[in-house]
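# Sharing a model prediction with you, sequence too.
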Amino acid sequence: MRVADYIFKYLADYGIKHVFLVVGGSAMHLNNALKNEKRIKYICNHHEQGAAIAAEGYARTKGCMAVVNVSSGPGGTNTLTGVIGQWLDSVPVLYLSGQVKFETTIASIPGSHLRQFGDQEINIVDIVKPVTKYAKMVTEPESIKIELEKAIHIATSGRPGPVWLDIPLNVQGVSINEKDLKSEAIENNKLMLKDEVVSLVVKELEKVERPLLIAGHGIRIAKSEKQFLKLVNLLHIPVVTTFNGFDLISSESFYFVGRIGTLGSRAGNFALQNADLVICLGTRNNIRQVGYNWETFAKNAKKILVDIDDAELNKKTVKGDILVHSDAKDFIEALLNKNPKVINTDKGWLDWCLLRKKKYPVVLDEYKIANGNCVHPYYFFEKLTAILDDKAIVVAANGTACVGLFQAGSVKLGQRIFWNSGCASMGYALPASIGAVLAGNQDVVCIEGDGSIQMNIQELQTVKHNSLPIKIFILNNQGYRSIEQTQTTFFKGDFIGCNKESGVSFPDFSKLADLYDLKFFKISSTDKMEQKIKSVLASKGAVICEVVLDRKYIFSPKQSSEKKPDGTMVSKPLEDLYPFLERDEFYSNMIIADEKNKND
């Protein structure tokens with residue numbers, strides 16, 4: 001048995017069913033061993049970035065670690081966008097890269113200042129170390145079991161993330177005796193949640209009037225979705241969701257009152273900014289969520305921050321009054337065991353939040369007006385998500401695809417709807433959908449942009465070759481609409497590189513579908529839009545559906561800036577979203593302001 005054979009035997013025994021790869025000479029033993037491990041199906045992508053992002057889609061859908069196999073040099077470096085996305089969004093992926101023979105690596109010449117020694121060699125380990133939880137070149141064949149155990153444990157424990165093992169050719173091909181391989185005891189670094197901290201949280205809940213629960217991605221990472229909903233039903237308090245926690249609770253839940261952040265809903269942000277206690281559960285409170293003047297985030301509330309990463313708890317933006325360094329599941333279960341009673345909160349606070357949810361819909365009536373040759377993306381998302389069933393898997397690209405879905409889409413409990421938030425790369429949705437469809441073993445809805453899909457358009461052949469039932473909606477806004485909006489705001493429409501007029505154009509998507517022998521639909525008006533969406537979803541196999549968007553739409557509501565008399569730009573607080581409400585109406589939505597006025 002070669003080291004390469006052992007690696008894939010070990011992974012198959014661990015439970016790995018799929019590996020995403022692009023083959024290469026420096027990975028030849030790994031490639032050969034993977035081919036001969038019959039319990040694992042290999043998926044050949046057409047670019048290593050595609051393989052890396054497909055692995056992320058797989059891991060997010062299945063809730064497990066995914067595996068990527070690439071070669072040396074560009075084989076490794078091409079994965080970096082995917083690796084970075086997984087590092088930032090806490091997705092466990094194991095990378096196995098081939099490397100030239102150890103004797104021809106610069107690692108074999110300590111103190112050397114060579115840039116390269118072997119053919120197509122690059123020091124991939126040092127390149128990926130800053131964006132992985134563990135990265136190592138395996139130079140001793142007998143250490144392979146220890147390294148696999150360590151890498152997998154690190155990838156899947158604590159705050160998950162990517163890990164990397166770089167394996168030289170001479171190590172891959174060495175014969176070993178499995179019985180001679182040793183293990184090392186892996187230190188258990190599981191956090192111990194202090195009971196007194198949970199008791200402090202209970203005391204706060206018992207004395208506040210306007211509590212709010214922020215549901216973050218850490219809840220899903222901890223596999224505590226059911227416990228979270230049990231906690232919500234116990235506390236009877238309003239819930240808002242984050243960009244990555246979008247699908248944790250049904251939009252129709254009696255306790256769901258909106259989404260928060262710079263692109264949140266008015267109702268969600270009004271609830272946030274009027275609360276007197278906020279529990280941030282499994283959310284790292286990133287800039288997109290807290291805004292650029294983060295000192296005003298939940299400005300009237302005591303803040304309880306629950307996060308497994310103490311670096312997130314102690315960063316300079318949101319300062320917590322109670323810091324809970326804990327896995328989300330452990331905290332939720334500990335809180336449930338305390339059976340807390342929210343004594344001072346009457347139903348009026350929840351009703352107040354729900355009233356604003358009803359009063360300030362994101363999808364306005366004007367978005368639904370027939371416009372002949374285009375549709376508003378928010379109306380499209382409202383229709384699409386209303387049609388999808390409660391088992392749907394939806395993957396969205398960056399830009400309008402995820403922003404519009406976050407703002408205008410509805411969630412049914414049981415759905416899986418995701419995108420990459422931290423890296424937010426273009427070209428994400430198509431390869432991530434490949435991973436999702438293999439993990440979920442069902443049809444997947446892929447929402448791409450006309451610009452985004454160009455970044456990994458080669459993966460359409462992966463879809464076709466493997467007969468993957470992905471329904472690909474391409475949002476055609478004839479450019480990079482989010483960048484176009486930015487250049488409109490700051491440079492008065494002095495465009496560069498964001499539309500056809502400024503240098504970027506796109507193909508005829510019907511011809512693209514023909515090229516890959518995929519069924520094609522086109523939605524260019526609100527007439528029969530619902531019928532066409534249903535036809536796309538009902539079609540067998542892979543489908544491309546072009547959705548022609550109104551080029552004039554803007555993301556709305558959103559945090560914006562105010563120009564002061566001296567010319568300086570100041571970000572407005574999260575409760576004061578653009579388009580700005582009339583001041584009387586705005587203040588009528590601020591309980592704190594009303595109380596202050598009464599006191600005055």
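Perfect, I can see it now.

# OK, contacts around Arg60?
Taking Cβ atoms under 8 Å, 6 or more residues apart in numbering, we find Arg60 in contact with Val91, Arg416, Phe418, Ala432, Gly435, Ala436. Using the backbone N, CA and C atoms, a C-beta is placed for each residue, glycine as well.

# From Ile472, how far off is the third one?
Distance of Phe418 to Ile472, computed by Cβ to Cβ, to the nearest Å: 16 Å.

# swap in the second one?
Using Cβ to Cβ, we find Arg416 at a distance of 17 Å from Ile472.

# the more surrounded of those two?
More crowded of Arg416 and Ile472, by other Cβ atoms under 10 Å: Ile472, with 25 against 19.

# partners of the more buried one in the sheet?
In this entry, Ile472 is beta-bridged to Cys446, Ile544, by DSSP bridges.

# Model confidence score at it, please.
On pLDDT, Ile472 comes in at 99.

# What's the separation between it and Gln86?
To Gln86, Ile472 is 23 Å away according to Cβ to Cβ.

# What of Leu213?
Separation of Leu213 from Gln86 (Cβ to Cβ) stands at 27 Å.

# Between the two, point out the one with more neighbours.
Using other Cβ under 10 Å as the criterion, Leu213 and Gln86 rank with Gln86 on top: 32 against 23.

# and the two most separated of the contacts of Arg60?
Farthest pair in the contacts of Arg60 (Cβ to Cβ) is Val91 and Arg416. Separation: 13.7 Å.

# got any ranges where this protein has weak pLDDT?
Applying pLDDT under 70 to the chain flags the ranges 346, 593-600.

# domains of it?
Using automatic domain parsing, the domains assigned to the chain come out as 3-180, 195-359, 365-548, 561-599.

# So which of those domains is nearest Asn189?
domain 3-180 (6.7 Å).

# Report the buried residues of stretch 173-184.
Judged by neighbour count (16 or more other Cβ atoms under 10 Å), stretch 173-184 contains these buried residues: Gly173, Val174, Ile176, Leu181.

# again with stretch 530-543
Using 16+ other Cβ under 10 Å as the test for burial, stretch 530-543 gives Lys532, Ile533, Val536, Leu537, Ser539, Ala542, Val543.

# all strands in the stretch 301-450 of the chain, in order from the N-terminus.
Along the stretch 301-450 of the chain, counting by DSSP state E, counting those that start in this stretch, strands occupy 302-307, 322-325, 393-396, 416-418, 444-449.

# Adding distance to Arg583, write the ones you listed out as TSV.
As requested, the strands of the stretch 301-450 of the chain are exported to TSV (distance: least, Cβ to Cβ, whole Å):
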stretch	distance to Arg583
strand 302-307	28
strand 322-325	35
strand 393-396	35
strand 416-418	36
strand 444-449	36
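
# what's the closest of those to Lys341?
When the strands of the stretch 301-450 of the chain are compared (using Cβ to Cβ), the closest one is strand 302-307, at 16.7 Å.

# who's in contact with that closest one?
The contact list for strand 302-307, computed with Cβ under 8 Å, 6+ apart, reads 201, 204, 208, 218, 276-285, 312-313, 318-326, 328, 331.

# Could you list the paired strands of it along with their orientation?
Sheet partners assigned to strand 302-307 using DSSP bridges are listed as strand 277-281 (parallel), strand 322-325 (parallel).

# what does the last one contact?
Translated: strand 322-325. Strand 322-325 is contacted by residues 191, 193, 197-198, 200-201, 204, 302-308, 310, 313-314, 331 when judged by Cβ under 8 Å, 6+ apart.

# re the thing from before, can you say which of the contacts of strand 302-307 are buried?
201, 204, 208, 218, 276-285, 312-313, 318, 320, 322-326, 328, 331.

# Pull the one helix or strand Val128 maps to out as PDB, backbone CA atoms only.
If you go by DSSP states H and E, Val128 is part of helix 124-128. What follows is helix 124-128, C-alpha atoms only, in PDB (Å, rounded to 0.1, in the frame of the first residue of the first chain):
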ATOM      1  CA  ILE A 124       2.300  26.500  -1.000                       C
ATOM      2  CA  VAL A 125       2.400  25.800   2.700                       C
ATOM      3  CA  ASP A 126       3.700  29.200   3.600                       C
ATOM      4  CA  ILE A 127       1.300  30.800   1.100                       C
ATOM      5  CA  VAL A 128      -1.800  29.200   2.700                       C
END
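
# Would you mark the buried spots in it?
Residues of helix 124-128 classed as buried: Ile124, Val125, Ile127, Val128 (neighbour count, 16+ other Cβ under 10 Å).

# now stretch 505-524
So stretch 505-524, judged by 16+ other Cβ under 10 Å, has buried residues Phe506, Phe509, Leu512, Ala513, Leu518, Phe520, Phe521, Lys522, Ile523, Ser524.

# could I have it exported to CSV, CA atoms only?
In CSV, the C-alpha atoms belonging to stretch 505-524 read as follows (Å, rounded to 0.1, in the frame of the first residue of the first chain):
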residue,chain,number,x,y,z
SER,A,505,-19.9,43.0,-21.9
PHE,A,506,-21.5,39.6,-21.8
PRO,A,507,-22.5,36.8,-24.1
ASP,A,508,-25.9,35.8,-25.5
PHE,A,509,-26.9,33.4,-22.8
SER,A,510,-29.2,31.5,-25.1
LYS,A,511,-26.2,30.7,-27.3
LEU,A,512,-24.3,29.7,-24.2
ALA,A,513,-27.0,27.2,-23.2
ASP,A,514,-26.9,25.8,-26.8
LEU,A,515,-23.1,25.5,-26.5
TYR,A,516,-23.4,23.3,-23.4
ASP,A,517,-26.5,21.6,-24.7
LEU,A,518,-28.6,22.8,-21.8
LYS,A,519,-32.3,23.7,-21.8
PHE,A,520,-32.9,27.5,-21.9
PHE,A,521,-35.6,29.8,-20.6
LYS,A,522,-35.8,33.6,-20.5
ILE,A,523,-37.8,35.8,-18.1
SER,A,524,-38.0,39.4,-19.4
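
# Would you reformat the buried residues of stretch 530-543 as CSV and include secondary structure?
CSV is the format used below for the buried residues of stretch 530-543 (DSSP: H, G, I helix; E, B strand; the rest coil):
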residue, secondary structure
Lys532, helix
Ile533, helix
Val536, helix
Leu537, helix
Ser539, coil
Ala542, coil
Val543, strand
